[in-house]
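Student: okay, predicted coordinates and the sequence, questions at the end:
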Amino acid sequence: MKNQLFNEISNNISSCNKCSLYKTRTLPVPGEGSINARIFFIGEGPGKQEDLTGRPFVGAAGKFLDELLTGIDLKREDVFIGNIVKCRPPNNRVPLPLEVDACKPYLIAQIALVQPEVICTLGNTPLKTLISSELSIGKIHGTVIKKDGFTFMPMYHPAAVLYHGALKGTLKEDFDKLKDFLKNRE
Ligand code: URA
Ligand code: SF4
């Protein structure tokens, strides 16, 4: 049942033309992982490798995300990995508010289906879109934020950390906090 609903959402994404991003993308990237995951990761949108393969976080940032997951004894298949927009913005530009708004219902439907215990936003776009435009990642990363009945733990985007190497330890520590958060709920 859950699988069927998930496939339905993915099919709707594949045939979507609700914003102009569908015109320039190669493949849509609906998201993947366990539909019973305890953690739901949300990035900004597909990059080049994701656009070519139809899979989220498979480029350099994805390899780093895999490494961070391994560090807390998890595999990609244990979690769900999605994005704010499902089609690649040209040249990886930040998605426009119009595109974010058009695509958001798919993400909301996926979250409702998976019912994760915690939603980890990666970087500024999902933080500002789903939690609050007033918050800054530098201040609230690694903290638990409850909003609209959901539990969030915002984190830096792995791509930003690859760029600013000094943040690597910070992101690893935040993953440890995520592990502790889940452990304390068991
Ligand atoms: N960056 C993102 O935000 N999402 C991806 O899927 C890959 C890189
Ligand atoms: Fe549809 Fe989202 Fe792709 Fe825009 S980005 S065309 S709303 S699936």
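Tutor: Here it is on my side, so go on. Ligands and ions are numbered 1, 2, ... in the order given.

Student: so residue 162 sits right up against residue 64, yeah?
Tutor: Yes: at 5.9 Å, residue 162 counts as touching residue 64 under the criterion of Cβ atoms under 8 Å. For the C-beta atoms, the positions are set from N, CA and C on the backbone; glycine is no exception.

Student: higher neighbour count, the two?
Tutor: Neighbours were counted for residue 162 and for residue 64 using other Cβ atoms under 10 Å; residue 64 has more, 18 against 15.

Student: any idea how far the more buried one is from ligand 1?
Tutor: Residue 64 sits 10 Å away from ligand 1, going by Cβ to the nearest ligand atom, to the nearest Å.

Student: and that residue, that's in a helix?
Tutor: Yes: assigned with DSSP: H, G, I helix; E, B strand; the rest coil, residue 64 falls within a helix.

Student: right, and it touches residue 165 too?
Tutor: No: Residue 64 lies out of contact with residue 165 (Cβ under 8 Å); the separation is 11.2 Å.

Student: how about the residues of the protein near ligand 2?
Tutor: 13, 16-19, 21-22, 28, 85-87, 99, 102-103 (Cβ under 6 Å from any ligand atom).

Student: what do you get if the cut-off is 8 Å, keeping everything else the same?
Tutor: 13, 16-22, 25, 28, 45, 85-87, 95, 99, 102-103, 106 (Cβ under 8 Å from any ligand atom).
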